[in-house]
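Q: What shape does this take:
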Amino acid sequence: MKKFERFYKPLPWLSALALTALLAGCGGGGQAPILGAGGAVQAPAPAVPPVVPPVIPPVVPPAPPTVTAVAPLHNATGVPVNNTLITAAFSEPMAAITGGASFTVTCAAPCVSPAGTVTLDSTNRVATFASPTDLTAATQYTATVTGATSLASGLALAAPYVWRFTTGITSDTTRPSVIYTVPVTTIPGPTANVAANTAITATFSEAMAPASITASGTFALTCAAPCVSPVSGVVTYDVGSKTAIFRPNAVLDNGTTYTGTITTAATDVAGNALAGNQAPLPAASNYVWQFTTTTPDTTPPTIVLENPADQATNVALNTPVNATFSEAMDPLTLTTANFSLQVSGPPIGTPLTGAVSYNPQTLVASFTPASDLLANTTYTATITGAKDLAGNALAPGSMPNPWTFTTGSGLAPGAVSLGSASTFGNLGGTAGTTNQGINTVINGDLGTTATTTTSVTGFHDALDIYTETGSNIGTVNGKIYTCTTSTTGPTAVTVNPTSCNIATQALSDAQTAYNKLTPAQLPGGLDLGTDQLGGLTLAPGIYQSALGSYQITGSNLVLDGQGNANAVWVFQMASTLTVGGPGLPMSVQLINGAQAKNVFWQVGSSATINAAGGGTMVGNILAYAGVAFSTAGNAALVTLNGRAVGLNASLTMTNTVINVPAP
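A: Modelled structure (predicted):
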């Protein structure tokens with residue numbers, strides 16, 4: 001009973017309140033007589049909600065534009081003297097570089113600095129300095145961009161952007177080629193199951209003239225009726241990745257075969273037209289490939305590997321910061337505006353100046369600071385706004401983003417400079433070079449200091465032929481530099497002294513590089529306890545064979561870059577290098593960002609590469625004696641993604657393709 005009393009005790013009060021409210025709601029003017037009373041009762045005013053000020057987001061001022069990539073690269077060496085187009089890419093469209101803004105290229109006396117012209121490409125994101133004359137050989141140049149302003153905000157670069165490069169002694173006569181496409185090129189095509197909402201890309205073997213890529217008609221996409229052809233879209237060129245990007249204005253038709261074409265209007269920075277896949281070298285030709293579409297891609301990309309890793313310590317001061325993605329990315333969303341590095345806080349410091357590059361083949365983006373990092377300092381790397389080629393934004397994955405690492409106090413060993421030898425795919429040293437077969441192609445220069453008339457046989461470039469027969473034809477997609485005469489061509493009458501001097505200097509630079517790779521000058525190599533590299537997966541480092549030789553037989557060798565685009569491998573051997581066994585070609589495979597240009601084989605005597613034909617070798621082979629690829633009679637192509645140097649003996653090759661890596 002008491003429980004009920006407690007429950008109903010408030011009822012008289014509630015009844016009175018209800019009655020008051022009811023009476024207040026009757027009558028007009030807000031007044032009503034109550035039980036014959038002569039006065040009036042004012043109705044309670046409606047409740048007024050508190051005034052809540054609107055939430056105004058903080059105004060974030062626009063950031064100044066930045067230089068995101070340059071060509072030639074900072075500290076590049078061996079730059080061809082006819083590399084007369086110097087380019088700088090920006091994080092956003094820019095106003096014309098005139099008035100208070102400037103883009104200059106200078107050199108110290110007695111060199112005369114070029115008085116070039118500066119233009120922007122059709123996207124206003126790439127500026128090109130065009131020198132009216134060739135650069136001076138073996139000279140350091142300084143390029144400076146000052147005061148360039150954003151087209152949208154009017155803000156200028158926060159500070160002048162400065163980089164340097166050094167010329168070699170040769171001109172670039174090698175036609176550029178397409179080395180990778182998205183969608184990938186398959187033979188026979190077309191490539192199947194390509195997302196209908198993807199952008200289309202083509203990556204080149206060397207830096208290209210931006211205006212030649214974005215010119216109308218250079219990069220086209222077509223299809224058969226009833227599909228509307230040609231496909232309308234916008235073409236851009238990314239300096240850092242040397243990649244052309246075709247972005248359709250609308251999603252492509254599902255279940256349709258498309259043909260991508262890049263014409264010979266595409267030229268490198270030296271003016272060489274494209275070596276496509278429609279005609280054999282030395283002719284220029286279009287590059288054509290096909291693919292068939294399927295449903296759009298809606299899967300966001302993620303970061304799958306970081307180098308340096310999160311929380312890494314004792315990181316070398318000259319280390320770039322790398323991120324590997326789960327799929328092909330849009331290069332224009334990987335710039336210094338999206339990929340930043342700063343000293344960790346609090347407070348977080350100003351982002352470091354640097355350049356961002358993206359490798360479409362390895363899916364690795366790299367931020368390279370303009371100068372070495374500070375010792376014993378913690379840094380934070382951040383990637384924001386990156387997208388894949390279908391426009392899907394970067395999603396969180398298993399890797400932290402941002403991520404931090406702490407430097408040590410030392411430098412990591414870098415790639416050894418080859419100097420003027422860097423443009424040579426085949427450098428026969430003092431003994432010459434010989435080709436057998438009709439499918440040999442040197443995508444680079446060929447040279448020798450040998451003086452006998454038979455020291456170069458089975459090769460030709462655009463001008464000279466050296467003792468070719470119907471069954472021994474080797475194409476040099478560059479230039480042949482020798483100290484001997486050719487069979488036919490301008491060098492048939494007498495030795496070209498300039499050509500001989502270039503070959504002599506290249507051999508001298510190759511000898512210097514060879515010496516720097518030896519244990520005497522590069523000590524600390526790891527002895528694996530075996531001369532057999534086949535079947536191994538090796539991290540970057542210096543490897544020295546205590547047994548005197550190395551061989552890759554029975555299984556392939558894998559080089560794991562661990563996400564570091566600048567990872568370097570040096571293999572030191574006092575004796576021989578043998579790749580492949582009887583009837584069984586072997587290959588060197590690159591994973592996780594490893595690059596052929598950063599692999600070095602210092603061979604104390606001679607190297608034999610896949611004597612039975614076939615297989616893919618990787619890296620720069622510098623042998624004290626000679627290097628032999630395949631043997632006479634083998635039709636299967638042997639490929640070297642690198643360079644072959646025989647300092648004191650000849651180079652011999654049969655149906656061999658050499659692709660000189662880009663710097």
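
Q: Let me see the ranges of the strands in the stretch 551-663 of the chain.
A: 557-560, 569-573, 577-579, 588-591, 599-603, 607-609, 616-623, 627-629, 638-646, 651-654, 656-659 (DSSP state E, counting those that start in this stretch).

Q: Partner strands of the longest one and their direction?
A: Strand 638-646 sits in its sheet next to strand 424-427 (parallel), strand 616-623 (parallel), strand 656-659 (parallel), going by DSSP bridges.

Q: buried sites along that strand?
A: Buried residues in strand 638-646, defined by neighbour count with 16 or more other Cβ atoms under 10 Å: 638-646. To be clear about C-beta, it is placed using only N, CA and C from the backbone, and glycine gets the same treatment.

Q: follow-up on the earlier one: so can I have JSON lines of the strands of the stretch 551-663 of the chain showing distance to Gln278?
A: Below are those laid out as JSON lines (distance: least, Cβ to Cβ, whole Å):
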{"stretch": "strand 557-560", "distance to Gln278": "33"}
{"stretch": "strand 569-573", "distance to Gln278": "36"}
{"stretch": "strand 577-579", "distance to Gln278": "32"}
{"stretch": "strand 588-591", "distance to Gln278": "28"}
{"stretch": "strand 599-603", "distance to Gln278": "32"}
{"stretch": "strand 607-609", "distance to Gln278": "30"}
{"stretch": "strand 616-623", "distance to Gln278": "24"}
{"stretch": "strand 627-629", "distance to Gln278": "27"}
{"stretch": "strand 638-646", "distance to Gln278": "21"}
{"stretch": "strand 651-654", "distance to Gln278": "25"}
{"stretch": "strand 656-659", "distance to Gln278": "18"}
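
Q: Now tabulate the ones you listed in a markdown table and tack on mean pLDDT.
A: Shown next, in a markdown table, are these (pLDDT from 0 to 100):
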| stretch | mean pLDDT |
| --- | --- |
| strand 557-560 | 98 |
| strand 569-573 | 98 |
| strand 577-579 | 98 |
| strand 588-591 | 98 |
| strand 599-603 | 98 |
| strand 607-609 | 98 |
| strand 616-623 | 98 |
| strand 627-629 | 98 |
| strand 638-646 | 98 |
| strand 651-654 | 97 |
| strand 656-659 | 98 |
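
Q: out of these, nearest to Thr335?
A: Thr335 lies closest to strand 588-591 among the strands of the stretch 551-663 of the chain, at 25.4 Å (Cβ to Cβ).

Q: how about the nearest residue to Ala284 once chain neighbours are set aside, what does it touch?
A: What sits nearest to Ala284 in space, not counting adjacent residues and going by Cβ to Cβ, 6 or more residues apart in numbering, is Ala273, at 3.9 Å. Ala273 makes contact with 175, 264-267, 284, according to Cβ atoms under 8 Å, 6 or more residues apart in numbering.

Q: Redo the buried residues of strand 638-646 as TSV? Include distance to Ser455.
A: Converted to TSV, these look like this (distance: Cβ to Cβ, whole Å):
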residue	distance to Ser455
Val638	22
Thr639	25
Leu640	21
Asn641	26
Gly642	23
Arg643	19
Ala644	16
Val645	15
Gly646	12
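
Q: nearest to Gly529, of those residues?
A: Among the buried residues of strand 638-646, and counting by Cβ to Cβ, the member closest to Gly529 is Gly642, at 26.3 Å.

Q: The closest one is in contact with Val627, isn't it?
A: No - checked against Cβ atoms under 8 Å, the pair Gly642 and Val627 is beyond contact range at 10.9 Å.

Q: ok so, going back, so which of the strands paired with strand 638-646 is the most packed in?
A: strand 424-427 (a mean of 30; mean count of other Cβ atoms under 10 Å).

Q: any idea of the mean pLDDT in that one?
A: Mean pLDDT, strand 424-427: 98.

Q: which residues touch that strand?
A: Residues contacting strand 424-427 (Cβ under 8 Å, 6+ apart): 421, 433, 442-448, 476, 478, 506-507, 510, 640, 643-646, 651, 653, 658-660.

Q: Could you do stretch 228-240 as well?
A: 68-71, 87-89, 121, 123, 125-126, 207-208, 210, 213-214, 218-223, 243-250, 252, 258, 331-332, 334-335, 355-358.

Q: and it, how far apart are its ends?
A: Counting by Cα to Cα, to the nearest Å, you get 33 Å between the two ends of stretch 228-240.

Q: For it, buried residues please.
A: Neighbour-count burial for stretch 228-240, counted by 16+ other Cβ under 10 Å, picks out 231, 233, 235-240.

Q: can you map out the helices along this structure?
A: Remark: helices assigned in the chain by DSSP state H are 2-8, 11-24, 210-214, 497-517.

Q: Nearest to Phe325, out of the strands of the stretch 551-663 of the chain?
A: Judging these by Cβ to Cβ, what sits closest to Phe325 is strand 588-591, at 14.7 Å.

Q: Put the alpha carbons of that closest one into CSV.
A: Below are the C-alpha coordinates for strand 588-591, written out as CSV (Å, rounded to 0.1, in the frame of the first residue of the first chain):
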residue,chain,number,x,y,z
VAL,A,588,67.7,-12.4,-62.8
GLN,A,589,64.3,-11.2,-61.5
LEU,A,590,63.6,-7.8,-59.8
ILE,A,591,61.0,-7.4,-57.2
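
Q: rewinding a little: out of the strands of the stretch 551-663 of the chain, which comes closest to Thr491?
A: strand 651-654 (19.3 Å).

Q: That closest one packs against which elements?
A: Using 3 or more Cβ pairs under 8 Å, 6 or more residues apart in numbering; DSSP states H and E as the contact test, the elements touching strand 651-654 are strand 424-427, strand 433-443, strand 627-629, strand 638-646.

Q: Direction included, what does it pair against?
A: In the sheet, strand 651-654 lines up with strand 433-443 (parallel), strand 627-629 (parallel) (DSSP bridges).

Q: Any chance of CSV for these, columns mean neighbour count and distance to Phe103?
A: Compiled in CSV, those are given as follows (neighbours: other Cβ atoms under 10 Å; distance: least, Cβ to Cβ, whole Å):
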stretch, mean neighbour count, distance to Phe103
strand 433-443, 24, 31
strand 627-629, 28, 43
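
Q: Can you add distance to Thr491 and give these back as TSV?
A: Converted to TSV, these look like this (distance: least, Cβ to Cβ, whole Å):
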stretch	distance to Thr491
strand 433-443	15
strand 627-629	24
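
Q: between the ones you listed, which one is nearest to Pro188?
A: Here strand 433-443 is closest among these (Cβ to Cβ), at 19.1 Å.

Q: Contacts only, for the residue lying closest to Leu651 once chain neighbours are set aside.
A: In this structure, Leu651 finds its nearest non-sequential neighbour in Thr433, 4.2 Å apart by Cβ to Cβ, 6+ apart. By Cβ under 8 Å, 6+ apart, the contact set of Thr433 is 426, 446, 448, 455-457, 459, 646, 650-653.

Q: Identify the contacts common to Gly642 and Val627.
A: Ile621.

Q: picking up where we left off before, of the strands of the stretch 551-663 of the chain, which approaches Thr136 most closely?
A: Nearest of the strands of the stretch 551-663 of the chain to Thr136, taken as Cβ to Cβ: strand 638-646 at 25.0 Å.

Q: Just give me the neighbour total for Asp527.
A: For Asp527, the neighbour count with other Cβ atoms under 10 Å is 10.

Q: Low-confidence ranges, this structure, go.
A: 1-49, 55-60, 347-349 (pLDDT under 70).

Q: what's the domain layout of it?
A: 67-167, 178-294, 303-407, 419-659 (automatic domain parsing).

Q: Distance across the second one, terminal residue to terminal residue?
A: End-to-end distance for domain 178-294: 25 Å, by Cα to Cα.
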